[in-house]
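*Asks:* What would the 3D arrangement of this be:
(one chain, ligands or ions: 1)
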Amino acid sequence: MSNVAKIELDGTVYEFPVVVGSENEKAIDISKLRDTTGYVTLDTGYKNTGATTSKITFLDGEEGILRYRGYPIEQLAEKASFLEVAYLLIYGELPTQAQLDEFKTSIQKHTLVHEDMKQFFEAYPAKAHPMGVLSSMICSLSTFYPESLDPNRSAEAKNLTIHRLLAKLPTLAAWSYKNAMRHPFMYPRNEFDYCKNFLYMMFAMPTEDYNVDPVVVEALNKLLILHADHEQKSTVRIVGSSQANLYATISAGISALWGPLHGGANQEVIEMLEKIHQDGGDVDKWVAKAKDKEDPFRLMGFGHRVYKNFDPRAKIIKKACDDILSKLGINDPMLEIAKKLEKVALEDEYFKARNLYPNVDFYSGIIYKALGIPTEMFTVMFALGRLPGWIAQWKEMTENKEPIGRPRQIYTGETPRDYVEISKR
Ligand code: ACO
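*Replies:* Take a look at the predicted model:
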């Protein structure tokens, strides 16, 4: 294997080191490319660009492998609790019982949000999308904790911000739903664990007792673990690299997740399945639409920028979907349509040739629906799960003192020209 890459430009050969990761991933280190050659690379959408080295998550899109800190996603989804996985991602190792207890207690202490924040909710229109509300609310937290704006504060103070965020996101997420419903907010119950507390704040009413179904708690725990990290989160790392505070940085991550080509796909998938159902369930017709280059329709929940094989999370979710629906005694026609769609697409030459497999969002919406989560909240659920990964990415980046993220470009606009008076244009 070569340990240098040679590039010939204008008759001169330049050498650049080859960097090899612990899973044998190889990269050409071009950090000195512009200094030595005057050239930059051009890679729209960063399909070939490794922005950093990282010890957090390994994924192999060709083989369909995903590991957090070396632990296979299958084992974590089967055996761990969400907060255990959050600890692993953020601090690098699985916690001991004592470490986990301390972590949980600290998070439980910070679940309340400042009473003044309730007034912000009142100002949003009833139809406000909860992702817009959540992103703004998370950024607003920075105004209540101005000390978090100081990039040079102690590691202990940074840790407090991390715990506050983990504690308050479920409260703000549940309240964004309550607000849309114009239902009274439910305060957190600190004796409940993370997932149970979130479900309680979402679905309980002050007027009656509410028992959280353990099957629902377990399902949510699994879904959040599957979403907890997915290696590079460029938005979070880029915003964080400017030394913006953690609340603003995570708010940017939430906004980046919102789009239908990313986390917003889970909402799009269920809306697509409902449309197909209402249209008579003719799966072949919708597959044909997805293949038609004149038609902007895409099969939502299919394809992934890095997985060119079955998304390992989709495999786990598909099985969980069958288990959960049967445990809850739900017979959802959407699941049947999804399975038919998957079968047709997997056998179709168009999808095979482009390595388009179901992704994590394909089945997650059906589970969320079964758990009683409204469609507009699906992407909020994704954000809830992804928070530890974003925090881990931010923490690693700040600890490594990475430089500000600022890609170059190749300018293709006008060359210099003189200003023309408006009367002469
Ligand atoms: N349905 C139909 N055709 C598709 C789909 C799809 N879902 N996805 C990709 N293609 C086609 C493209 O039209 C393109 O075809 P072409 O080569 O003939 O032009 C080819 O497959 C490659 O597609 P790109 O968009 O170039 O692939 P990229 O890696 O940039 O995009 C993406 C990945 C955005 C996820 C894409 O597959 C997509 O739009 N999927 C649907 C949305 C979705 O499910 N997003 C969630 C992803 S998971 C996540 O973010 C958590």
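
*Asks:* show me what contacts whichever residue of the chain sits closest to the ligand?
*Replies:* Using Cβ to the nearest ligand atom, the single residue of the chain nearest to the ligand is Gly303, 2.2 Å away. Backbone N, C-alpha and C define where each C-beta goes, glycine included. Gly303 makes contact with Arg354, Leu356, Tyr357, Asn359, according to Cβ atoms under 8 Å, 6 or more residues apart in numbering.

*Asks:* Name all residues that make contact with the third one.
*Replies:* Contacts were defined as Cβ under 8 Å, 6+ apart; by that measure Tyr357 touches Phe302, Gly303, His304, Tyr307, Lys308, Asn309, Phe310, Asp311, Ala314, Leu346, Phe351.

*Asks:* If we use 7 Å, what do you get?
*Replies:* Phe302, Tyr307, Asn309, Phe310, Asp311 (Cβ atoms under 7 Å, 6 or more residues apart in numbering).

*Asks:* Now do the buried residues in the helix ranked longest in the chain.
*Replies:* If you go by DSSP state H, the chain has its longest helix at helix 155-181. For helix 155-181, the neighbour count (16 or more other Cβ atoms under 10 Å) marks 158, 160-180 as buried.

*Asks:* Next: stretch 9-24.
*Replies:* Tyr14, Phe16.

*Asks:* roughly how far is that stretch from the heart of the chain?
*Replies:* Its chain's average C-alpha position is 32 Å from that of stretch 9-24, according to Cα atoms, centre = their mean, to the nearest Å.

*Asks:* per-residue confidence averaged over it?
*Replies:* The average of the pLDDT scores along stretch 9-24 is 96.

*Asks:* Can I get that stretch in PDB? Just the C-alpha atoms.
*Replies:* The C-alpha coordinates for stretch 9-24 follow below in PDB (Å, rounded to 0.1, in the frame of the first residue of the first chain):
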ATOM      1  CA  LEU A   9       0.600  19.600 -11.700                       C
ATOM      2  CA  ASP A  10       2.200  21.900 -14.300                       C
ATOM      3  CA  GLY A  11       5.200  19.500 -14.700                       C
ATOM      4  CA  THR A  12       6.000  19.200 -10.900                       C
ATOM      5  CA  VAL A  13       5.300  16.100  -8.900                       C
ATOM      6  CA  TYR A  14       4.000  16.800  -5.400                       C
ATOM      7  CA  GLU A  15       3.700  14.200  -2.600                       C
ATOM      8  CA  PHE A  16       1.000  14.000   0.000                       C
ATOM      9  CA  PRO A  17       0.900  11.600   2.900                       C
ATOM     10  CA  VAL A  18      -1.700   8.800   3.000                       C
ATOM     11  CA  VAL A  19      -3.500   8.600   6.400                       C
ATOM     12  CA  VAL A  20      -4.900   5.200   7.400                       C
ATOM     13  CA  GLY A  21      -7.600   4.800  10.000                       C
ATOM     14  CA  SER A  22      -8.000   2.000  12.600                       C
ATOM     15  CA  GLU A  23     -10.500   0.200  10.200                       C
ATOM     16  CA  ASN A  24      -8.100   0.600   7.300                       C
END
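
*Asks:* just the helices in the stretch 151-300 of the chain please.
*Replies:* Listed in chain order, the helices of the stretch 151-300 of the chain (DSSP state H, counting those that start in this stretch) span residues 155-181, 194-203, 214-227, 234-241, 246-258, 265-278, 283-291.

*Asks:* Mind listing residues that contact the second one?
*Replies:* Yep, that's helix 194-203 we're talking about. So helix 194-203 is contacted by 82-83, 111, 170-171, 174, 177, 186, 188-189, 192, 210, 212, 216-217, 220-221, 224, 372 (Cβ under 7 Å, 6+ apart).

*Asks:* and what of the fifth one?
*Replies:* Contacts of helix 246-258 with the rest of the structure, by Cβ under 7 Å, 6+ apart, involve 131, 134-135, 138-139, 141-142, 148, 161, 165, 233, 235-236, 239-240, 262-264, 379, 382-383, 386-387, 390, 394.

*Asks:* Look at the closest residue to Pro206 other than its chain neighbours and say how many residues are nearby.
*Replies:* In space, and not counting its chain neighbours, Pro206 is closest to Pro184: 5.6 Å by Cβ to Cβ, 6 or more residues apart in numbering. Residues lying near Pro184 (other Cβ atoms under 10 Å) number 11.

*Asks:* so who does the residue lying closest to Arg164 once chain neighbours are set aside touch?
*Replies:* Nearest non-adjacent residue to Arg164, counting by Cβ to Cβ, 6+ apart: His110, 4.8 Å away. Contact analysis of His110 by Cβ under 7 Å, 6+ apart lists His163, Arg164, Ala167, Lys168.

*Asks:* again with Arg34
*Replies:* Neighbour list for Arg34: Val40 [criterion: Cβ under 7 Å, 6+ apart].

*Asks:* and it, what pLDDT?
*Replies:* Value for Arg34, per-residue pLDDT: 96.

*Asks:* Which positions in the helix or strand that it is a member of come out as buried?
*Replies:* Counting by DSSP states H and E, the element that carries Arg34 is helix 33-37. Neighbour-count burial for helix 33-37 flags Leu33 (criterion: 16+ other Cβ under 10 Å).

*Asks:* The ligand contacts on the stretch 301-425 of the chain?
*Replies:* Residues of the stretch 301-425 of the chain found near the ligand (Cβ under 6 Å from any ligand atom) are Gly301, Phe302, Gly303, His304, Arg305, Arg354, Leu356, Asn359, Val360, Asp361.
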